[in-house]
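> structure of the sequence below:
(4 chains)
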Number of protein chains: 2
Amino acid sequence: MASEPRKNPVRVSCFECPLRQKKHFRPFSGDELDFVSHFKRGDFNADAGATVLVEGSHSAHLYTLLEGWGFRYKILEDGRRQILNYVVPGDMVGLQGAVMAEMQHSVEALTPVTLCVFERSRLFKLFEKHSGLAFDLTWLAAREESILDEHLLSIGRRTATERAAYLLAFLFERGRTAGLLDDQRRHVPVTQMHVADTLGLSIVHTNKTLRKLSDRGLIQWLERGCEILDPEGLQSVANWNPGDTRLRPLI
Amino acid sequence: MASEPRKNPVRVSCFECPLRQKKHFRPFSGDELDFVSHFKRGDFNADAGATVLVEGSHSAHLYTLLEGWGFRYKILEDGRRQILNYVVPGDMVGLQGAVMAEMQHSVEALTPVTLCVFERSRLFKLFEKHSGLAFDLTWLAAREESILDEHLLSIGRRTATERAAYLLAFLFERGRTAGLLDDQRRHVPVTQMHVADTLGLSIVHTNKTLRKLSDRGLIQWLERGCEILDPEGLQSVANWNPGDTRLRPLI
DNA sequence: CGGGCTCTTGATACGTGTCAATGTTGGTGG
DNA sequence: CCACCAACATTGACACGTATCAAGAGCCCG
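Numbering: from 1, shown residues only, chains lettered A, B, ... in the order given. Here you go, the predicted model:
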């Protein structure tokens, strides 16, 4: 397995939240931290490959990914699958189900994951009492939207090679700002099947496209994952660069 | 032009908001209505084809479309364009620019449009004082996300014919719930170029694909627009059905 | 040891893009 | 009023990108 063995599934207190201390997240106020620690119901651990949330359900919960990689996807009746976006630590999951009628997509773990579980029914209290956190929630939703916009541009208008380069540069950037990757750890834990289902390509063509990127020294493919050798190179192939990397909120 | 001539550009008061009275929108409380009417700065009218918002800008404003059709899009440096989503009355526009650093997409009017202009700087007050409206804002963002998810599935995994059928069924549904269309008025004001740029297809192939739908009696193409003859037929070709059509919020 | 999952590669078929040419419509200016 | 032009829609021929089919290798795990 690509990632280290899961930590002991001990309840993680918000006060010692390992994420909050990382540099990319904005600090909480004391009040907010207090509220969130009550908002949180517990932890949820899942193995790689596990389905965390399923389309059509109307869960009583809402999650934040604390550790690991995951992805959101939809499938058509005949099994064609489209990966919509990836989930890294700090990302909120299940907001759709919490706010609207039901989930319109599923979520699967790519590595072993830990999620913070929040109680859906207390969400309205968050809006009522903590406008700063409510704003953050909207911020997160707006950012998800802008990522989906870029994906749409990618699938709709970029060539296969550009798409692949974009995706890998994007995943590296997301992993980096989530503290999963850095100059030493450059391993993105996806299979070529995941890449294919994200780019809207067949797996065979994906393989041939990735080979081109390997041949140019931009990446190296290993079993069950990809080593990002040259993030800037990928960005320039894709004609993309990461947007705003300033402090982001965390809930 | 497909739509009737623009109404006199008189300031529209929130108290007589023509949208709020339509059945698809949730009613405001008196307090909320009061607040929104102060939040609103004025109206903004634009002609068909006008660019309403441009990528990279950081506008002091935030908008709700009051009347007409528009669309959001992104372009690559060499001019390739991807239409991300369409905007109908009741849709909020520019939230990204208001919440994050700057707009990551542009918005263009498809018909003459009227927009309500809100003051960005008062947004934090909305969160502070009107948690119901703040929740609505998040609701709108979550719904936009779920639409983009479906588009992504469409472009990534549906065939050209399915994609086209999906798009037209989708546009009919959006127009219908926004009060722009009904069983009598079935005209969607897009060119084949718009369809092509939404589906990620070339214009020539789009033309040939639309012809198939015409031949099957599902649509009829007119100059600068499309008559939706059989919405359910389109839905079944695309293997898609509109989700939650319950009351939606309006800001 | 077998079987599943992942990655790889070559051959061929098909969907979609590109090029080119034409017709229509509506608007503009002489 | 007509000539002209721009935008939009249409069609056929051909090229290219991508899907599909098929086969095989390496690996891990039961």
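> sec struct for A:Glu77, please.
Secondary structure assignment for A:Glu77 (DSSP: H, G, I helix; E, B strand; the rest coil): coil.
> residues touching the residue lying closest to it once chain neighbours are set aside, list them.
Leaving out its chain neighbours, the residue that sits closest to A:Glu77 by CB to CB, 6 or more residues apart in numbering or on different chains is B:Asn239, at 5.9 Å. Placement of C-beta: from N, CA and C, glycine included. Residues near B:Asn239 by CB atoms under 8 Å, 6 or more residues apart in numbering or on different chains: A:76-77, B:162.
> again, but for A:Ile219
A:Ile219 neighbours (CB under 8 Å, 6+ apart): A:168, A:210, A:213, A:226-230, A:234.
> from the contact counts, what lies against the lowest-mean-pLDDT helix or strand in chain A?
Taking mean pLDDT, DSSP states H and E as the measure, chain A has helix A:95-99 as its least confident helix or strand, at a mean of 87. Packing partners of helix A:95-99 (3 or more CB pairs under 8 Å, 6 or more residues apart in numbering or on different chains; DSSP states H and E): strand A:61-67, helix A:131-157, helix B:131-157.
> these: which one's closest to B:Trp221?
helix B:131-157 (20.0 Å; CB to CB).
> report whether that closest one contacts DNA strand C.
No - using CB under 7 Å from any atom of the strand, helix B:131-157 stays clear of DNA strand C, coming no nearer than 10.3 Å.
> and if you look at stretch A:202-210?
Yes - residues of stretch A:202-210 contacting DNA strand C under CB under 7 Å from any atom of the strand: A:203-204, A:207-208, A:210.
> contact partners of that stretch?
A:160-161, A:163-164, A:192-193, A:195-196, A:199, A:201, A:219, A:221, A:226.
> related to what we said a few turns ago, distance from the chain centre to the least confident helix or strand of chain A, please.
17 Å (CA atoms, centre = their mean, to the nearest Å).
> go on, stretch A:61-75?
6 Å.
> just the terminal-to-terminal distance for it.
Stretch A:61-75 has an end-to-end distance of 23 Å (criterion: CA to CA, to the nearest Å).
> ditto for stretch A:235-250
Start-to-end, stretch A:235-250 (CA to CA) is 27 Å.
> could you do stretch A:187-207 as well?
18 Å.
> buried ones in it?
A:187-192, A:194-201, A:206 (16 or more other CB atoms under 10 Å in any protein chain shown).
> show me how far that stretch is from its chain's centre.
16 Å.
> need the helices and strands packed on helix A:95-99 in CSV with mean neighbour count, mean pLDDT and distance to DNA strand D, can you?
Output for the helices and strands packed on helix A:95-99, formatted as CSV (neighbours: other CB atoms under 10 Å in any protein chain shown; pLDDT from 0 to 100; distance: least, CB to the nearest atom of the strand, whole Å):
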stretch, mean neighbour count, mean pLDDT, distance to DNA strand D
strand A:61-67, 23, 95, 20
helix A:131-157, 23, 96, 10
helix B:131-157, 23, 96, 9
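> nearest residue to the residue most central in space within chain A other than its sequence neighbours?
The residue lying closest to the centre of chain A (CA atoms, centre = their mean) is A:Val87, at 1.4 Å. Closest residue in space to A:Val87, ignoring its immediate chain neighbours: A:Gly70 at 4.0 Å, by CB to CB, 6+ apart.
> before we move on, the earlier item: biggest separation within the contacts of A:Ile219, which pair?
Maximum distance among the contacts of A:Ile219 (CB to CB): 14.1 Å, for A:Leu210 and A:Asp230.
> settle it for me: which of those two has more neighbours?
A:Leu210 (23 against 18; other CB atoms under 10 Å in any protein chain shown).
> ok, back up a step: sheet-wise, list the partners of the next helix or strand after the least confident helix or strand of chain A with their directions.
Using DSSP states H and E, the next helix or strand after helix A:95-99 towards the C-terminus is strand A:106-109. Partners of strand A:106-109 in the sheet, by DSSP bridges, are strand A:51-53 (antiparallel), strand A:70-75 (antiparallel).
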